[in-house]
Every structure is written in structure tokens, then in C-alpha cells.
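**Student:** Turn this into a structure:
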Amino acid sequence: MSSDANPQPYQGDAQPSPQYQQQPPPPGAYQQQPPAAYQPQPYVEQGVPMQPAGGGQPPYLPPGAYTPVPLPPSGSGRGRGPKIAVAAILSVVLLAAVGAVVLFKFVLVNGPDPSESFPASASMYMEVNLDPSFDQTPKLLEHLSKFDDLDYDSTDDMLADLLDESGLEGVDAEEDLSSWLGNRHGMAMWQHDDQPYAVVSLASTDANAAEDGLAKIRAASGAEEDQMAYTVEDDHVLMVVGGTGAADALAAAESEAGSEPLSASEAYEDARGWLNGDQLVTYWVDMDAVAELAEMTGDSEMAAFQELYSGQMIAGLSAFDEGFELNYRLFGQEDPWTGSEDLMASMGDLPAADFAASAYVPENIGDYVGEWLGLYEGYFLGGSVEADAVEPADTTPLTDTEYAEYLELEEAYIAGTLSADDEARYYELESRYWMYGTEDEPYEYEEDYYDYGPDFEEIETQVNEVTELLAGSSLSFAGNFDSEEDVDSESLYFSAQLADDRAQELEDLVNEWSDGQALPEGTTVDGSELSYSGSAVPSETLGDDTRFRDFAEVAPNEAALAVWVDLGAAAETYPDDFEGAEPLSALAWAHGSDGGDGTGVVRLYLKD
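**Tutor:** Here you go, the predicted structure:
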């Protein structure tokens, strides 16, 4: 059955695939600006509660995801609380229609592998499987029950509760969704005829009920048939959502998936095979394809991002006995942040503070610093343009005509569409404007009035000095929260363990930068180590904490960076900020390298 008058035959009959095994993703990710007709979902770092904006905002969608049109006004909601926070943490809500949040439930039937229904040329893919195994499902429900108002008797209740947050009028959770939704669903970002589309596959247990339910969802969202097109098969629904041309895009997506499905893509297969065990959420992105999509939509910032990273990323979210775990790996480009086998062990020797971080600086860091400085000079300082020139050749205020020209060039600069020919003119007018103003509002220029700080050559020299000293070193930092000062300064601890006995050189360099001001009492310099301990640093170590020891066992073998935050301590210090999230215990993240690829794990620990 199809939403179109002349539906295209579905060529990619999905066959159940063997169940995958477990895996993870990282924070931070870049979020591109979609075209005007699209509204981006706010990014929420995995494991961090999200504050609802007006009640009923849908949770985090990963980098590359788009919302086809503005969301409808949400319902009354229930105010602040863990519902939305936990939903955001778990990424259990998938936006699958124009202005509609398609929510998932648990049933006994898994449904087909959604990746078999998507074109291989998709730039981003996310799969949600809320019943991947008899192990994951009970843990998910048990963990949710620790939060107020989230102790569901059945997952159907969870579905109905989340649907209430979507704000869709005239859609009944039980009749229009629960009656046919399976539990394994996917969404991909894909482009067709130079237009971006969201392609959604929903497992279905009742084709007739799915047809009726989707018709109500489309009507409630106010979408036209050419904005939201779908076809209903016996075991799943395939839907395409976009600004226009959705029906043609649906036919094209079915055709490509029939001959070249994402599930058979070598890049996706290799990445998905890395994940071990059962996953509640799987996320894959092809950054090169996303960059093409960004270029098509006029996102100029993506070009600079690609200079730092390209390739694919795979991430997986699963439940473990004490909380939730995110694992991720970056394929296709050698990660500069090679790690150390000793980092997690040395981090365990840090004071048992509320927060701690350790980082290993690779021995070849100088090679990458040169590249990054070049990017900085080109992107922020305009390349060969002397952006730090104090006094331009023309020292007169801007005329009205020049000021209008300057504003026009500035608009192009901000939009990232400034041509190379106009770049020098823009910097010239900018320098004159900030030094001399306009003829209507002139500034009186005074020598040395404007302090631009060190020029690029000075910055480069200082960075290279530090780089040489820190190459191959390990840096650590720890401290406790304070309700009045945010951080208890007496609890702070810092250590720089250098590769050579040059700690005195590091102290001298720091003193030079601080105009000779001596380092605080508690600083010691001994051979290769420079450290500082406050007067109230705990005597216990982080390794005494069973949660940290447990996390260190799953961290990358060669960790480059690790972060620890005791959320229980934070909740005690800032109770108002953690209202409704009292079950949170700790957040841990470690990033490292494996075979040249960046890899990492994030764990959110919950209290018993």
C-alpha cells in the first residue's frame, strides 16, 4: 500500500538479518546548518540531561540529521523532569514525519534490518532497536525506573507518554501507533536531484493499521503528500520527507535500495561489524557525503571542518548493569591523538576528586601543530592578508558609500561567500572602520590605542616552544565542586609529567608568560614533573572508586584523553540544577586510538 496514486513497486524486499552485536559514539560532533526549510535538532551531549525548551522538544539527533519543517507547538508538557532528559540521553525518539515525533515501543517481533531499505548513497543512518535482546530490554526498563515518573509497567505506556510530548493533535498513541509499530526502526539522510531528504523505515506488524495511522500523522502535521510520501509493506513502512518532491524521491530511494542497499555498502558493513553485542541505538555517518550535502545547502563552515576530519564514524548505545554505554570509532583517517597504555593507570593515581581529566600529548604533536596553525592563519586571519596591520595606508574615516560597501562585504564574509578578490578590500575597510569610524561618526586614531596582542609570528613561536616541551608528556587535572565558587580552589591538583627532565624549563616559560609572577605555593618541580597540590587535596585516589576502576577496564588500551565527573557530587553541590536527575552517579569518557583510527567510550553510571 502506498501514499501515492501510482505507487512504485518496492524492489528491496527486506530479509531479516542476523542480529548484530554491541557498540558506541562520541560527543561533540559537528552540527551543520540545514537549508531554510529545515529546522535542526539541538545537540545534546550523550549522557548529559537536556533541559526542555517549553516542554516537549524532541531529543538529540546526531550530526547530519535534519527536521524537514518546523515542529508544531508542543502540548502542555509536564515541566522540568527526567522524561525529556533521559529520552535525550538514550536517543530513543526518532523524528519520522513532518513536525511529528515517531516514537518506538517494544514488541516480540524484531522486524527487518532497516539498513536493507536505505540507498547505499545515504550520508547518515541511525537505527533504534528497543528490543535487541533479552538482556538489553530489561536493563533499559530497570534504569528508566530509577527516575521519577519513568517507572513504566509496559513499554506501551512509555510510547504513549512520549507521544504526549510531541504535541500532535488528533493522533492517538494506542490506535495510531501502538497498534502497528514494531521495535526496529531506522532513519537516513539522503539527497536526490540536489535536494536533501529524510528517509525513514519503521517496523510494522499490521499493514492496514499502519496505513491508517500514517494518514492521521500526515494530516495532523499539516504536511502535503509531496512533502511526506510513504509506502506500506507487510513488515515495514518506508517514508520520505522533504520540502517538496517526496513522491519522486521515494520511488528513487526504493529503486536504489533494491539494487544497492546501505546494508551491502562496504563502508557501512565494515563499520557496523566493529560494534560488538546488542545495541539500543546505532549511528553511522559518512562525513564526506555529509560535506557534499553541506556544500549543496550553502554551509561554508563544513569545508573547514573537513580539513580536520573526513571518513566514516560508527557509534552504538547499549545498557550495562550500572547504566548506559556509548562506543564509537572513526574510520578512514589516521587519528593524530595516539594514546598511551599507561594513561588510565596514571589517572587512577589522581586524587579522588569530583572531576578529573588526563591527556597524553603524542610525541609527533609538532607535525600536527604546524598544520593547525596554518589552518588558523588561513581561516581566521585571511591567509596572506595582513589582518593585524595597525594602521592602513588610507587613514581617513569611511565615506557613506564605503561604509555601505563594507557592510555588504561583511555580510558575505559572515555567510562564507566572500570571494578572494573582495577579501583584501574587506580587511582594508574593516581596519579603517574600527580605527577611524565613518565621516558621520569619526574616531580619533591614537598610536598604540588599539592593542591587538601578539602577532601571528609571536603566537607561532610561543606555541612551538610549548609543543617541544610537552611532546610525549602526560597532563592531569583534578578538583572538587563548590556551591559558592563553582570550584574549590584548595582542592585543585595539576601535574605535567614530561618525557625528559625539563620541568624547570616549563616553569621558567610559565613565569615568563606571567610577567615574572611566581607560581602559587604548592607547586613543585622535580626532574621531569611539574605539579601543583592545593591544601585540601583528598588523600584517597580515583582508583579507589569502583566505578572508575570498572570504567578503566573498558577504556581504549591506548587512551589519549580521559574525563571523569562525579555527577552524584555535582547533584549534592548544585541540587537545583539536578532536579529530577538524582539517580545520575557519574559520567566518564575516554578517547584513544586503535590501528590508526580514533575510538572511544562514554559511560553514564546510575545509582543503585
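**Student:** ok, which stretches of the stretch 351-500 of the chain are strands?
**Tutor:** 355-360, 474-482, 486-497 (DSSP state E, counting those that start in this stretch).
**Student:** Pick the most buried one from these.
**Tutor:** Highest mean neighbour count of the strands of the stretch 351-500 of the chain: strand 355-360, a mean of 22 (counted as mean count of other CB atoms under 10 Å). All C-beta atoms are positioned from the backbone trio N, CA, C, and that covers glycine.
**Student:** strands paired with that one, and their directions?
**Tutor:** When pairs are called by DSSP bridges, strand 355-360 turns out to pair with strand 474-482 (antiparallel), strand 559-565 (antiparallel).
**Student:** just the angle between it and strand 486-497, please?
**Tutor:** 20 degrees (axes from the mean of the first three to the mean of the last three CA atoms, to 10 degrees).
**Student:** Extract the C-alpha set from strand 355-360 and format it as PDB.
**Tutor:** Provided in PDB are the C-alpha atoms of strand 355-360 (Å, rounded to 0.1, in the frame of the first residue of the first chain):
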ATOM      1  CA  PHE A 355      36.200  15.900  38.400                       C
ATOM      2  CA  ALA A 356      39.400  14.800  36.800                       C
ATOM      3  CA  ALA A 357      41.000  14.800  33.300                       C
ATOM      4  CA  SER A 358      44.200  13.300  31.900                       C
ATOM      5  CA  ALA A 359      45.700  13.700  28.400                       C
ATOM      6  CA  TYR A 360      48.700  12.200  26.600                       C
END
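**Student:** quick one: contacts of it?
**Tutor:** Contacts with strand 355-360, where a contact means CB atoms under 8 Å, 6 or more residues apart in numbering, come from 337-340, 343-344, 346-347, 350, 473-481, 542, 559-566.
**Student:** repeat that for 6 Å
**Tutor:** The contact list for strand 355-360, computed with CB atoms under 6 Å, 6 or more residues apart in numbering, reads 339-340, 343, 347, 350, 474-478, 542, 560-565.
**Student:** what does stretch 490-508 give?
**Tutor:** Residues contacting stretch 490-508 (CB under 6 Å, 6+ apart): 351, 469, 472-480, 525, 527-537.
**Student:** before we move on, what about stretch 126-136?
**Tutor:** 94, 104, 106, 114, 137, 183-187, 278, 281-283, 319.
**Student:** So which of these sit within strands?
**Tutor:** Secondary structure from DSSP state E places Leu94, Asn183, Arg184, His185, Gly186, Met187, Val281, Thr282, Tyr283, Ala319 of the contacts of stretch 126-136 in strands.
**Student:** Mind picking the two most distant members of those residues?
**Tutor:** Met187 and Ala319 (21.3 Å; CB to CB).
**Student:** just to revisit the earlier point, if we only consider the ones in strands among the contacts of stretch 126-136, which is nearest to Asp234?
**Tutor:** Arg184 (14.7 Å).
**Student:** State the distance from that closest one to Gln279.
**Tutor:** Distance, Arg184 to Gln279, using CB to CB, to the nearest Å: 11 Å.
**Student:** Among those two, which residue is more densely surrounded?
**Tutor:** Using other CB atoms under 10 Å as the criterion, Arg184 and Gln279 rank with Gln279 on top: 28 against 24.
**Student:** Find the nearest non-adjacent residue to the more buried one, please.
**Tutor:** Gly316 (4.1 Å; CB to CB, 6 or more residues apart in numbering).
**Student:** wait, is the one you found part of a strand?
**Tutor:** Yes: membership of Gly316 in a strand is supported by DSSP: H, G, I helix; E, B strand; the rest coil.
**Student:** Leu326 is in contact with that one, correct?
**Tutor:** No: counting by CB atoms under 6 Å, Gly316 stays clear of Leu326, with 7.3 Å between them.
**Student:** So for these two, which residue has more residues nearby?
**Tutor:** Gly316 (28 against 25).
**Student:** got the contact list for Asp482?
**Tutor:** Asp488.
**Student:** count of residues packed around Ser232?
**Tutor:** I think there's a mix-up here, since residue 232 is Val and not Ser. 26.
**Student:** my guess is it contacts Gly213, does it?
**Tutor:** No: using CB under 6 Å, Val232 makes no contact with Gly213, being 9.7 Å away.
**Student:** Pull up the gap between the closest residue to Thr399 other than its chain neighbours and Pro114, please.
**Tutor:** Nearest residue to Thr399, sequence neighbours excluded (CB to CB, 6+ apart): Glu439, at 5.7 Å. Using CB to CB, Glu439 is found at 63 Å from Pro114.
**Student:** If you count surrounding residues, which of those two has more?
**Tutor:** Neighbour count, other CB under 10 Å: between Glu439 and Pro114, Pro114 has more, with 28 against 13.
**Student:** Direction included, what does the helix or strand containing Ala586 pair up with?
**Tutor:** In this structure, Ala586 sits in strand 584-594 according to DSSP states H and E. Here strand 584-594 has these sheet partners by DSSP bridges: strand 559-565 (antiparallel), strand 597-606 (antiparallel).
**Student:** where exactly do the helices run in the stretch 401-550 of the chain?
**Tutor:** Ranges of helices in the stretch 401-550 of the chain, per DSSP state H, counting those that start in this stretch, are 420-436, 456-470, 503-513, 546-554.
**Student:** Check those for me: which has the lowest mean pLDDT.
**Tutor:** Mean pLDDT is lowest for helix 456-470 among the helices of the stretch 401-550 of the chain, at a mean of 80.
**Student:** tell me which strands and helices that one is in contact with?
**Tutor:** helix 365-380 (3 or more CB pairs under 6 Å, 6 or more residues apart in numbering; DSSP states H and E).
**Student:** The helix it packs on - what's its average pLDDT?
**Tutor:** pLDDT averaged over helix 365-380 gives 65.
**Student:** other SSEs contacting the strand or helix carrying Gly258?
**Tutor:** Gly258 belongs to helix 246-259 when elements are defined using DSSP H and E. When contacts are defined as 3+ CB pairs under 6 Å, 6+ apart, helix 246-259 packs onto strand 228-232, strand 236-241.
**Student:** Tell me what angle the last one forms with helix 246-259.
**Tutor:** Taking the same axes, to 10 degrees, one finds strand 236-241 and helix 246-259 inclined to each other by 130 degrees.
**Student:** Just the CA trace of strand 236-241, in PDB.
**Tutor:** Output of strand 236-241 as PDB, limited to C-alpha atoms (Å, rounded to 0.1, in the frame of the first residue of the first chain):
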ATOM      1  CA  HIS A 236       7.800  -2.200   7.400                       C
ATOM      2  CA  VAL A 237       6.900   1.300   6.300                       C
ATOM      3  CA  LEU A 238       9.300   3.300   4.100                       C
ATOM      4  CA  MET A 239       8.800   7.000   4.200                       C
ATOM      5  CA  VAL A 240      10.500  10.000   2.600                       C
ATOM      6  CA  VAL A 241      10.100  13.500   4.000                       C
END
